[in-house]
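> Give me the fold of what follows.
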Amino acid sequence: MQDIEWRVTPGLTDYATALRQMEERAAGVAAGSEHELVWLLEHPPVYTAGTSADEAELIDPRFPVVQAGRGGRYTYHGPGQRIGYLVLNLANRGRDVRCFVHALEGWVIAALAEMGIAAFRAPGRIGIWTHDQSGAEAKIGAIGVRVRRWITMHGFSVNLSPDLAHFGGIVPCGIAEYPVTSAEALGAAHAFETFDAALALTANAFLESLTCAR
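Okay, the predicted model is just below:
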């Protein structure tokens, strides 16, 4: 990780502001004038629409709705949710977008395991899954990326302690059959500092997996 900037921004960062800064960094990375970036932050309540968003899945637009430019459908971001944006150059890391998404899922799963949360991939459902307190499968994290000229943007969101009722304004990621959950709802550790430390602990393994995860 020595050549990658690891940035943690406290407080709430406006989504549009973060998107603009991420695009500027991506342009710098593509030009070779900026370091790659892992950016951990938190947003005020917002619904973001991916390139496959279906307006029928926007049930109650109680918060601002922003076109994100990433893949996927509608997602909620808000306080208590750790957002991770990655601006990485895949030209130097295998040029494999599916591998990148798989590795990103694996990174979040490994970090959650460090916190005592058993998370997993679900066939046919992008994202991070676990079992809620009733034993049902529930989504604890979302993955949404954009890759342009082999430079990645966007990344993951993990529910540490958000207001889960805020997800009720959308069909999260277009999946209505399964609930969402959080580390707090599972009775697990949910401080940002704890999760960030778990991400840092497992970051090198994530980077090593970028050229070989399948």
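> buried residues in the longest strand anywhere in the chain?
The longest strand of the chain (DSSP state E) is strand 137-148. Neighbour-count burial for strand 137-148 flags 138-147 (criterion: 16 or more other CB atoms under 10 Å). Just so you know, the C-beta spots here come from the backbone N, C-alpha and C atoms, and that holds for glycine as well.
> Could you do stretch 202-209 as well?
So, applying 16+ other CB under 10 Å, buried residues of stretch 202-209: 202-203, 206-207, 209.
> what is the rounded mean pLDDT of it?
Mean pLDDT, computed over stretch 202-209, is 95.
> Could you do stretch 26-42 as well?
Taken as a whole, stretch 26-42 has a mean pLDDT of 97.
> roughly how far out does that stretch sit from the chain middle?
16 Å (CA atoms, centre = their mean, to the nearest Å).
> Can you list the low-confidence ranges for this structure?
173, 212-214 (pLDDT under 70).
> Now the spatially most central residue of it: closest residue in space, sequence neighbours ignored.
The residue lying closest to the centre of the chain (CA atoms, centre = their mean) is residue 156, at 0.8 Å. Leaving aside its sequence neighbours, residue 156 sits nearest to residue 84 (CB to CB, 6 or more residues apart in numbering; 4.7 Å).
> about what we covered before: just list what the longest strand of the chain packs against, helices and strands only.
Packing partners of strand 137-148 (3 or more CB pairs under 8 Å, 6 or more residues apart in numbering; DSSP states H and E): helix 97-114, strand 125-131, strand 151-159.
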